[in-house]
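Novice: Sequence first, then the predicted structure, then my questions.
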Amino acid sequence: MIHYGHKLKDLRIEKGFTQAEVAGTLGLTQHRVSDIESAENMTLDTFEKYLAVLGLRLIVESDSSGSECGNFLSEKSPAILLTLNY
């Protein structure tokens, strides 16, 4: 499970989408999109599908160097990067 519901809301607003528009594209209700945006956790699959609606893609990589886990939005290649430390 991942904990990025609040970030999805920020990205949606930044991209100019309403919850209803995201819901329609995902085949969900507006209420379910609201639940996702306020969720403490969600599946990676849900996160990836939501990002796709916003025109973003998900990149997941592992890092054994011990650096901090992070995410970013790249201007050149719109993507969210999740680094999994182990």
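Specialist: Cool, got the structure.
Novice: What part of this protein, helix or strand, is modelled with the least confidence?
Specialist: strand 79-85 (a mean of 53; mean pLDDT, DSSP states H and E).
Novice: so where's the chain uncertain?
Specialist: 1-3, 40, 61-86 (pLDDT under 70).
Novice: residue ranges for the strands of it, please.
Specialist: Along the chain, counting by DSSP state E, strands occupy 57-63, 79-85.
Novice: Would you confirm that Lys15 contacts Leu51?
Specialist: No: at 10.4 Å, Lys15 does not count as touching Leu51 under the criterion of Cβ atoms under 8 Å. (C-beta placed from N, C-alpha, C; glycine too.)
Novice: The two: which has the busier surroundings?
Specialist: Leu51 (19 against 14; other Cβ atoms under 10 Å).
Novice: shouldn't the more buried one be in contact with Leu58?
Specialist: Yes: Leu51 is in contact with Leu58 according to Cβ under 8 Å; the separation is 5.5 Å.
Novice: and His6, how many neighbours?
Specialist: 11.
Novice: Report the spatially nearest residue to it, omitting neighbours in sequence.
Specialist: Glu37 (7.1 Å; Cβ to Cβ, 6 or more residues apart in numbering).
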